[in-house]
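[1] 3D model of this:
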Amino acid sequence: MQIIRKLLQKETAPSMKSLDENLQLINERIASIPPAEIPLLLGEIPIDAFGNLLLDVPSKLPNIKAFFPSMPPDDIQDKWTGNHGARNLKTKAYSGFLENYPDRYKTWIVNALYLPSCEDAPLTQDMDPINTFPIVFNCYFDANIPLK
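    Predicted coordinates for the structure are as follows:
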């Protein structure tokens, strides 16, 4: 909590405030700090609250919302990328498309990561997708989760 207090430059310890009040303070401060310090500021948010923010940032926190990645609406995702990968191509609309498609490709995962201020993250072409969350948590939360 010292990092939040320092970055927010407040006398009152954030632990004495509610989560909503702390998020409001972070939202106000996030617009005026260097981008490299934003993960430090966000790193003090409890992990369950952070997870909820990843799913949906309330509109009352526009500065936090601008920092988090956002997904396009479902209809655009379905039209652009499909919603079930290669297995979805077995439907009537695509019948015959996968006739010679190797089985090993049908479950491959495309993993695209952009981790600002994590230049040392072990991102390689052959990384195991099971390491995705440990890499992100290790980078932004100093979690020290061992990689598989």
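
[2] Count the neighbours of the closest residue to Thr132 other than its chain neighbours for me.
    Once flanking residues are discounted, Thr132 sits nearest to Asn111: 6.2 Å by C-beta to C-beta, 6 or more residues apart in numbering. C-beta coordinates here come from the backbone N, C-alpha and C atoms, glycine included. When counting by other C-beta atoms under 10 Å, one arrives at 12 neighbours for Asn111.

[3] Asn111 against Gln125, yeah?
    No: using C-beta atoms under 8 Å, Asn111 is not in contact with Gln125; the gap is 9.8 Å.

[4] how is the chain carved up into domains?
    Here the domain assignment for the chain is 2-67, 74-141, based on automatic domain parsing.

[5] For Gly43, see how far away the residue nearest to Thr132 is.
    Here the criterion is C-beta to C-beta, to the nearest Å. By it, Asn111 lies 23 Å from Gly43.

[6] do Glu21 as well
    Counting by C-beta to C-beta - Glu21 and Gly43 are separated by 18 Å.
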